[in-house]
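Chemist: need the 3D shape of this:
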Amino acid sequence: MIKYIMETAEYLEEKGFLNPEIGIILGTGLEKLINDIEVLAEVSYNHIPNFPTATVEFHKGKLIYGNLEGKKVVVMQGRFHIYEGYSLQDVTYPVRVMEKLGIKTLLVSNASGAINSNFKKGELMLLDDHINLQGSSPLAFKGVELLGERFTDMSEPYNKALNNTFKHIAKSQNITLHEGVYASVAGPQLETRAEYRMLKIIGADAVGMSTVPEIIVANHLNLKAAAVSVLTDECDPDNLKPVNISEIIEMAGKAEPQMITLFKELIKTL
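Modeler: Got it, this is the predicted structure:
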């Protein structure tokens, strides 16, 4: 894997991806942050050596490099999921490449379903902790110790200083920003009523199908990491209605301006 990472990083450096400070992973319906970036270089995933290719129809597939709030950023416009048939090593490969390019901070967004009955769709949740229910670990491969500590500490997966800054920004901008535990499942099917009840019992405030693998690898690489969810539906097992994916994407789009404000204001402070 080290050879592949070096090959990919060298290719991107030749394309102008030089010394980024911050990596950003954009989730479902949260792509308009791109409009605020002074784009200096961009490459489609399918042109990048050793890179996976996005297969979900509403996920773009580009790696973008440029200036945002005075900082050099590299942005994943579209992410990878194990439900697309990728391994957890594939899903997290771009994080390893971004770290090799030079990032010190990883910011992640996603769409998730609200398990906590006090959280409403259209609101945002700052990830304070997570539960990995994807069945494995992105660190479970031979030779992982050559890339970082095999037994990676996860006592603070989401950087406290970054989270405190996010909370301060949300308060000053009058944005509702809950804080909670995100459960990451394999998908792509949505949860049953019994599964939603289980998630509530084990302490999840929201559930989604991404983010946790990338955060584990960020911690493996000693990157500062933070993540924010847009809550796109309310998962009440006693009043569960069929979910429409287009409605989820629409709800993510409605919350997008607040998410963009949070990210831009945080980046100013880094």
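Chemist: center of this structure - which residue?
Modeler: Val108 (3.3 Å; CA atoms, centre = their mean).
Chemist: so which residues make contact with the helix or strand bottoming out on mean pLDDT in the chain?
Modeler: Using mean pLDDT, DSSP states H and E, helix 245-269 stands out as the lowest-scoring helix or strand of the chain, at a mean of 90. Contact with helix 245-269 is made by 22, 24, 27-30, 32-33, 36, 58, 68-71, 73, 107, 109, 111, 121-124, 162, 165-166, 169-170, 173, 175, 177, 226, 228, 230-233, as judged by CB atoms under 8 Å, 6 or more residues apart in numbering. Where you see a C-beta, it was placed from the backbone N, CA and C, and this is true even at glycine.
Chemist: just the ones in helices from these, please.
Modeler: Members of those lying in helices (criterion: DSSP state H): Leu162, Thr165, Phe166, Ile169, Ala170.
Chemist: pLDDT wise, what is Ile2 at?
Modeler: The model reports Ile2 with a pLDDT of 89.
Chemist: strands of the stretch 101-250 of the chain, start to end?
Modeler: 105-114, 124-133, 177-185, 206-208, 224-234 (DSSP state E, counting those that start in this stretch).
Chemist: just put those strands in TSV and tack on mean pLDDT and distance to Gly253.
Modeler: TSV is the format used below for the strands of the stretch 101-250 of the chain (pLDDT from 0 to 100; distance: least, CB to CB, whole Å):
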stretch	mean pLDDT	distance to Gly253
strand 105-114	96	10
strand 124-133	98	14
strand 177-185	98	18
strand 206-208	98	17
strand 224-234	95	9
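Chemist: could you point out which of those strands sits nearest Phe141?
Modeler: Ranking the strands of the stretch 101-250 of the chain by proximity to Phe141 (CB to CB) places strand 124-133 first, at 15.7 Å.
Chemist: only C-alpha atoms, please: export the closest one in CSV.
Modeler: The C-alpha coordinates for strand 124-133 follow below in CSV (Å, rounded to 0.1, in the frame of the first residue of the first chain):
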residue,chain,number,x,y,z
LEU,A,124,-27.0,19.5,12.3
MET,A,125,-25.2,17.2,14.7
LEU,A,126,-21.5,17.5,15.7
LEU,A,127,-20.0,14.1,16.1
ASP,A,128,-18.6,13.7,19.6
ASP,A,129,-18.1,9.9,19.4
HIS,A,130,-19.0,7.0,17.3
ILE,A,131,-20.0,3.3,17.2
ASN,A,132,-18.5,1.2,14.4
LEU,A,133,-21.1,-1.3,13.2
